[in-house]
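*Asks:* sequence-free structure coming up:
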């Protein structure tokens, strides 16, 4: 069973860069064809898909966040990282990493981390 775990600071100051890392305990992030994704859920709102790095290494970012988002990986550690720059309090959310078969949807064979709360202080 694939296990994913998010890590990073729980509190970030406005205008700074949020950086979260997802560690994948089993399963090589470079094999097969998956979307290694970042998703967030602000308080009282629905999920927002931020972006992914595919097993091939290609990336895609939500157009609404593209100018501030970067996703990259460290294959030696089987990790992938989200960086979101110039954060504001509106970026406060629970952030999840996930391995999904289809971008933008969660299926029964997909794996998610438990999520990590990130609060942006003004």
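*Replies:* It's in. The structure presented is a predicted model; accordingly, all values stated were derived computationally and were not measured.
*Asks:* drop to CA atoms for contacts and neighbour counts, all remaining ones
*Replies:* Will do.
*Asks:* got the contact list for the closest residue to residue 110 other than its chain neighbours?
*Replies:* Leaving aside its chain neighbours, residue 110 sits nearest to residue 100 (4.9 Å; criterion: Cα to Cα, 6 or more residues apart in numbering). By Cα atoms under 8 Å, 6 or more residues apart in numbering, the contact set of residue 100 is 34, 35, 36, 37, 106, 107, 109, 110, 111.
*Asks:* Relative to residue 94, how far out is the residue nearest in space to the middle of the chain?
*Replies:* With distances taken as Cα atoms, centre = their mean, residue 38 lies nearest the centre of the chain, 2.3 Å away. To residue 94, residue 38 is 11 Å away according to Cα to Cα, to the nearest Å.
*Asks:* mind listing the strands for this protein?
*Replies:* 4-7, 11-13, 18-24, 35-41, 48-54, 59-61, 69-74, 79-84, 93-100, 111-112, 116-121 (DSSP state E).
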